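need a 3D model of the sequence below.
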Amino acid sequence: MPCSVPVTTSAERRSRLGAAMVASAALLWGGWSLVLRPSGLAAPQSSLVVLLVLALPAPFVVRRARLRDRGAALALVVLGLADVGNMVLYFAAIHRGPVAVAVLTHYLAPVLVALAAPWLGDPRSPRALWAAPFSLLGLGLLVWRPGGEAPGVTAALGAGSAVFYAAVVFAARRAGRSWPPVAVTSLHAVISAATLLLLLGGEALPPPGPGTLRVAAGALVCGIVASLLFYGGLSRVAAPVAGALTYLEPLSAAVVGALAFGERLGWSALVGAAVVVAGGVWVALEPPVPRGSEAAGEPRNPPAASAPRR
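Numbers count the residues shown, from 1 in each chain. Modelled structure (predicted):
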C-alpha cells in the first residue's frame, strides 16, 4: 500500500520562514551584551551611537503627506521621548549585569502592555490580569540571592525600561497607521538622539575609538538587521506567535551571560526566569478579542511592537 507523503503548502512554508526570521531576530537581540560590555562606553553613550545608526534612513523616508496625520506625528514624538528612557535604562541594566536579570526584567513589558491596553481603547486581556502577580513573583525569585547580594539595581533598571517600553509600544502602533516600520524606526531615532543630547549634553557623546565602532557595528546587526528580520517575519506569522518566539531573547541572553561572562543563575533564579517567560508566552498566545471596529471591517492596529525590540 503506497505511503502518503505530506505536502508542504506555500502558506506553511511562508509561516515557517516567518517563524525562523522572528526567532533569528530574537537571538540577535540576545547578543547585545557582547556588543555593549566590552565597548567601555556608558549607557547614554551607547544609546546615542545606536540611535544615530537607526536614524540613518531618516532622510529617505520623510513624506510630507504623512505629516498631515497629526496623531501619528505626535505619536512619533512620544515614541522618541519614551525610547530614550527605554534604551538608557536597558543598556545600563546590561552593563551592570547579570545579563539574564537585565533582559528578563525588561521582558515584563508585554504583560504591562496587556494590562494597560484597556485604558487606551484596546481589548482587556484576562490572561494579563492573571499573569501579572505571577510575573512579580517570578521577578522576586529572579533577584533573590540566599546568603548573597541581590542584583536589585539591575532588576530595577530592567523593570524601569519595561515601563518606558510599554509607552513605546502604544506610540509605535499609533505612528504605524501612517508610517511604515522603517520610517517609524528611523524618524523616532532622530527625536530620541536629539532628546538625549538635550538632556545630557557632552556626557552622551561617545569618545572616538574602537568601543564606539563596536557599538555602531552592533547596532547594524542587533538593531537594523534584527528589526528587518522581525518585521519581515511578522508579516508571515500571527502576532501572538511572534510575541512568543521573541522570548528566545532572554534565554539566549542568559546563555551569553553564562558562556561569555561566567554568570550563573541559582535554582531560585531559574524558577523565577521560567515563571516570567511562561507568563509572557501565555499572554502572547491569548486569542485576540474582536472589537466593534474590527467586526465592521476596519483594519486593526498594526501589531508591529508586540514584543521588546531595540
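
what packs against the top helix by length along the chain?
In the chain, with assignment by DSSP state H, the single longest helix is helix 70-96. Secondary-structure packing of helix 70-96 (3 or more CB pairs under 8 Å, 6 or more residues apart in numbering; DSSP states H and E): helix 32-36, helix 43-54, helix 99-106, helix 152-175, helix 181-200. For every residue, glycine as well, the C-beta is placed using N, CA and C.

now for the residue nearest to residue 56 when sequence neighbours are not counted: which residues touch it?
Leaving aside its sequence neighbours, residue 56 sits nearest to residue 186 (CB to CB, 6 or more residues apart in numbering; 6.8 Å). With contact set as CB atoms under 8 Å, 6 or more residues apart in numbering, residue 186 has these partners: 54-58, 61.

ok, residue 204 next?
Listed by CB under 8 Å, 6+ apart, the contact set of residue 204 reads 44-45, 47-48, 196-197.

let me know which of the helices and strands packed on helix 70-96 is tucked in deepest.
Mean neighbours per residue, mean count of other CB atoms under 10 Å, is largest over the helices and strands packed on helix 70-96 for helix 99-106, with a mean of 29.

which residues outside it are in contact with it?
30, 33, 90, 93-94, 96, 139, 142-143, 151, 154-159, 161-162, 165, 249-250, 253-254, 256-257, 261, 263, 265, 269, 272-273, 276-277, 308.

from these, keep the buried residues only.
30, 33, 90, 93-94, 96, 139, 142-143, 151, 154-155, 157-159, 161-162, 165, 249-250, 253-254, 256-257, 263, 265, 269, 272-273, 276-277, 308 (16 or more other CB atoms under 10 Å).

adding distance to residue 134 and pLDDT, write the contacts of residue 186 out as JSON lines.
Listed next are the contacts of residue 186 as JSON lines, based on distance: CB to CB, whole Å; pLDDT from 0 to 100:
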{"residue": "54", "distance to residue 134": "34", "pLDDT": "91"}
{"residue": "55", "distance to residue 134": "38", "pLDDT": "93"}
{"residue": "56", "distance to residue 134": "41", "pLDDT": "92"}
{"residue": "57", "distance to residue 134": "40", "pLDDT": "90"}
{"residue": "58", "distance to residue 134": "41", "pLDDT": "89"}
{"residue": "61", "distance to residue 134": "41", "pLDDT": "83"}
